[in-house]
Each structure stands twice: as C-alpha cells, then as structure tokens.
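*Asks:* here you go, sequence then predicted model.
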Amino acid sequence: MPLDGVTATVEQYRLHQGCRGLILAVSGGPDSMAMLHWYAEQSLAFPLYVAHVHHGLRTASDDEETLVRAYCNARSLPLTVFHADVKDEMQKGETVESAARRIRYGFFRSLARETGATHLATAHTEDDQCETVLLHLLHGAGPKGLCGILPKRQQEDLTLIRPLIACPKREILSYCAQNEIPFALDESNQDLSYTRNRIRHRLLPEMEKINPNVRRSVCRAATALQRQQQGVEARAKEFLDAHGDLLPADEMRKLPKGEQAEILRQAFQELGKQLTFEQTEQALCLLEKETASAEFDRSYLLHLGQNRIAVRKKTEPLPQISIEREETVLPDGRILRLTEGICTEETRREMIPKTLPLTLRPRKQGDTLRTSGGTKTLKKRMVELKIPQPARDSLWVLADQDRVLWCEALGSNQETAPKENERGYFISLSEK
C-alpha cells in the first residue's frame, strides 16, 4: 500500500511549492512514523529535518524518543529533539494541551530559523480532520472553524502542510504493517476526559451506525466549505485593500452577509483581535444603522458614521509633551520636525510662529482653528472631514499656551500664523 492519498494531496495542493527545507514533526505515533517513512522513500529536491518534542508529560515519552532516534539513525536522517517541561511552562489561563502546542510550534519555528527550512509537515489524518470538524461544530464554530484543518496554510514565516490529511487511519496502519514501520501508541488517546477522545470512541461509532462512511462524508463537507471560504476571504481582502482604514458602509451593505462578516473579521484580525461569533453578529447589526459605535473586549472599537466604518484599537490617552527642540521623537515612534523658514504669502497657511517651547497635547473641548472656511472648533472641523470619532482623540495638537497653532490632519491655524517676511516654522510629522 503506497499511501496514494499523500501523493494526491501533495500534487493537488502543491504542498512542496517553494520548499527549501522541510521539517517533519514526528511524535513516534503511527501517523507521524508513516509520514516519516514516506518522505524517507522519496527523491526530494530539498533537505529533510526531523523534529521530535519530548513534552515531559508521560513516562512513555522516553520510549517514543528512543524509537524516533533509532529510526532516524538507521536512515541517516537529521534529528533534533527538544525537551520541554510543559506543566512548568504553562501560562495563566492555558490548558496543558494549548501550552504543549505553543511550546511545540515555538520549537519548530526556532528550528526553521536555524536550518533555513521553509515548510513544516504535521501528520494530521482524515480521522483527525473529521474529529476536528465535529469538535468545532459542538463548540459553535462559524464557517472558518468548520473548514477544519487546511492542507496548506501560512503561519508567520512557515508554510504548514498536512500531507496525510486525505488518508484514513486504517490505511496508515496497513501501510505501517506492510512496511514494518515501528511506532508507539499514546495511552492518553484512550482517556475519555478529553472531548476529542469522547468524539472518537463514543460519538463517531454511533454516527457510523447511520452512515458507515461518516468520516469521509464529514471531510468532504469540510473540503467543500474550504473552497467557498477561500473565495469569501479573497473578496474580503480585495475590499479592505481597496478602501483602507475607512470602509464605505453603503458598499458593504450591498454585499452578502457572509462577505460583510469576513471583512469585519479580517479588519479586526489585522489589529490582533479575533471576533467571536457573537461579536461578529453584533457588528453586522450595527451596519444597519446610520450611526453606531461598539466596544469589544474593552480594547477594540467599531464606529459607523457619515457612511464610513472605522475599526480601531483603543489607545492610551495622548500625553502632554513639552516641545523644546526643533526635532522630537514622539511616544509612537514618529518624529515631529519644526523647520525654520521665512513666511511668504504662499506659505503663510502652512506655518506657525517661530517660538519655543511649545506644548504637544490631545485636543481639548473648545479648541478652535481658523482655516479658509472660517474659525471652527476642532470637533466640528473633524466631523466635516469625516474623521471617525474613535480617531479624533489620537490626533496631536500643537499649542502655545492656550492657542492652537496646528492640529494633525487639519493643518496650521491661520489666525496665529506669522506675518509675511517673519520667520516661522514648517511642521512635519513622519509616518508610523
């Protein structure tokens, strides 16, 4: 039995495209040992690196490490073993499983940097895919979660591939027997205190009484959903790329709800926030209104006003800074520069008086600024320019005592500008 499913998956999803080195994550179980054997038998255009993690959680871990070492030594395969103490390294709020995964993938990324490997292969199977989809379904996942395990995806600077994702467990066990591949069995896979094990040993056998091919059926549904989700994600990204930070509400409302949800999901994801299903539904409801605001997890904002949608991360209030030099590095890393020049009729609208020290601060209630359209409060001028409410308090104001000389995004105050032929300052603020 040659594991045809692996060959087909590698070709269909171009798993090795651009590969300059492949790390094989090998635990010592039948799935990962079958994957290791399959790759060892191939003629590849890139180097292989075997990675094994000893989590320090089970006494059998020593035997698994010995098994993997013996196999790699017999095949002259480069092996790196990482010893971890998962329970000792658990962070607040983490489960043992999530801590083990974090530590494991941290090791894989470190090994990739050391070796120059670009790809990481894990031995997830068709059975793992079925269990994952059912687990996500029971937890109330949306379309993205019900896609299950993707055959190929990018995780930071590593390409994750799952060459065994179309192979059922029984086929892998037959492959191991036929090729006399040694493997270890993890006794924790029988522990029914884990939800995945209850799905494997209790739920799926009952489902197979209704449909003997339920595992394959669930995986086919996940594959179909993956294809649809890829299209939705691509269209959402195009929408975000086309409109930047301010999204046109009227155009979004014309889109299907699924695409609206994905646009919002990606917008928040760029800020480091994963929207829950409930939060996504709340955000979609806000889009039906003319003006609305919502706060998520006390750190993220969605604001809708004047046909514009803004997604922002809440920031600490701007501090008050004394500007005593012509160049100042701000807390956000940008540089405020005051460049001396002579005021002319053409440049007067761009200049402030040549005086130091000045005060850089957030806007205050009642602050005004004069432009060609007259004197208006900063708030009114920002509303006219359709600057979203969450962004207004993050704009710097440069003041001389109580007078506003300049405001970020609005420009200089013509009421306080120097007279012609007087010396003054041009203001520039570098980009983030």
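*Replies:* Nice, thanks for sending it over.

*Asks:* gap between the closest residue to residue 142 other than its chain neighbours and residue 245?
*Replies:* The spatial neighbour of residue 142 that comes closest, neighbours along the chain excluded (C-beta to C-beta, 6 or more residues apart in numbering), is residue 277 at 5.3 Å. C-beta here means a position set from N, CA and C on the backbone, and glycine is covered the same way. Counting by C-beta to C-beta, to the nearest Å, the gap from residue 277 to residue 245 is 25 Å.

*Asks:* mind checking pLDDT for residue 388?
*Replies:* With respect to pLDDT, residue 388 has a value of 68.

*Asks:* what's the mean pLDDT across stretch 282-297?
*Replies:* In this model, stretch 282-297 has a mean pLDDT of 87.

*Asks:* give the buried residues for that stretch.
*Replies:* Judged by neighbour count (16 or more other C-beta atoms under 10 Å), stretch 282-297 contains these buried residues: 283, 286, 287, 292, 296.

*Asks:* residue ranges of the helices in the stretch 301-432 of the chain, please?
*Replies:* Per DSSP state H, counting those that start in this stretch, the stretch 301-432 of the chain carries helices over the ranges 378-384, 389-392.

*Asks:* apologies, that question was intended for the stretch 151-300 of the chain.
*Replies:* 169-178, 195-198, 204-210, 214-243, 249-253, 257-269, 277-286.

*Asks:* looking at the ones you listed, which is nearest to residue 145?
*Replies:* Closest approach to residue 145 among those (C-beta to C-beta): helix 277-286, 8.9 Å.

*Asks:* nearest residue to the residue nearest to the spatial centre of the chain other than its sequence neighbours?
*Replies:* Closest residue to the average C-alpha location of the chain: residue 269 at 5.6 Å, with C-alpha atoms, centre = their mean. Leaving aside its sequence neighbours, residue 269 sits nearest to residue 275 (C-beta to C-beta, 6+ apart; 7.9 Å).

*Asks:* list the contacts for that neighbour?
*Replies:* Residues in contact with residue 275 (C-beta atoms under 8 Å, 6 or more residues apart in numbering) are 264, 265, 268, 269, 283, 296.

*Asks:* go through those residues and name the one nearest residue 230.
*Replies:* Using C-beta to C-beta, the contacts of residue 275 come closest to residue 230 at residue 265, 14.2 Å.

*Asks:* quick check: phi and psi on the spatially closest residue to that closest one that is not a sequence neighbour?
*Replies:* Closest residue in space to residue 265, ignoring its immediate chain neighbours: residue 275 at 5.4 Å, by C-beta to C-beta, 6+ apart. Dihedral angles of residue 275 (phi, psi; degrees, to the nearest 10) stand at phi -70, psi 130.

*Asks:* against residue 244, how distant is residue 275?
*Replies:* 20 Å.

*Asks:* for residue 270, same thing?
*Replies:* 11 Å.

*Asks:* give me the more crowded residue out of these two.
*Replies:* Using other C-beta atoms under 10 Å as the criterion, residue 270 and residue 244 rank with residue 270 on top: 11 against 7.

*Asks:* who touches that one in this structure?
*Replies:* residue 240.

*Asks:* then the one 3 residues further on?
*Replies:* Counting by C-beta under 8 Å, 6+ apart, residue 273 touches 296, 297, 299, 300, 313.

*Asks:* where does the nearest residue to residue 25 once chain neighbours are set aside fall, phi/psi-wise?
*Replies:* In this structure, residue 25 finds its nearest non-sequential neighbour in residue 122, 4.8 Å apart by C-beta to C-beta, 6+ apart. Main-chain torsions, residue 122, degrees, to the nearest 10: phi -110, psi 160.

*Asks:* can you get me a residue count around the closest residue to residue 144 other than its chain neighbours?
*Replies:* The spatially closest residue to residue 144, leaving aside those adjacent along the chain, is residue 229, at 6.1 Å (C-beta to C-beta, 6+ apart). For residue 229, the neighbour count with other C-beta under 10 Å is 19.

*Asks:* likewise for residue 316?
*Replies:* Quick note: residue 316 (other C-beta under 10 Å) scores 7 neighbours.

*Asks:* same question for the one 3 residues further on.
*Replies:* Other residues within reach of residue 319, judged by other C-beta under 10 Å, total 10.

*Asks:* is it correct that it is in contact with residue 332?
*Replies:* No. Between residue 319 and residue 332 there is no contact under C-beta atoms under 8 Å: 10.7 Å.

*Asks:* how is this structure divided into domains?
*Replies:* 4-219, 244-313, 321-429 (automatic domain parsing).

*Asks:* now the ones you listed in TSV, with distance to residue 234?
*Replies:* Supplementary listing: these in TSV, determined by distance: least, C-beta to C-beta, whole Å:
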stretch	distance to residue 234
domain 4-219	14
domain 244-313	10
domain 321-429	26
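
*Asks:* just so I know, which of those lies nearest residue 233?
*Replies:* Across the domains of the chain, residue 233 has its closest neighbour in domain 244-313 (6.0 Å, C-beta to C-beta).
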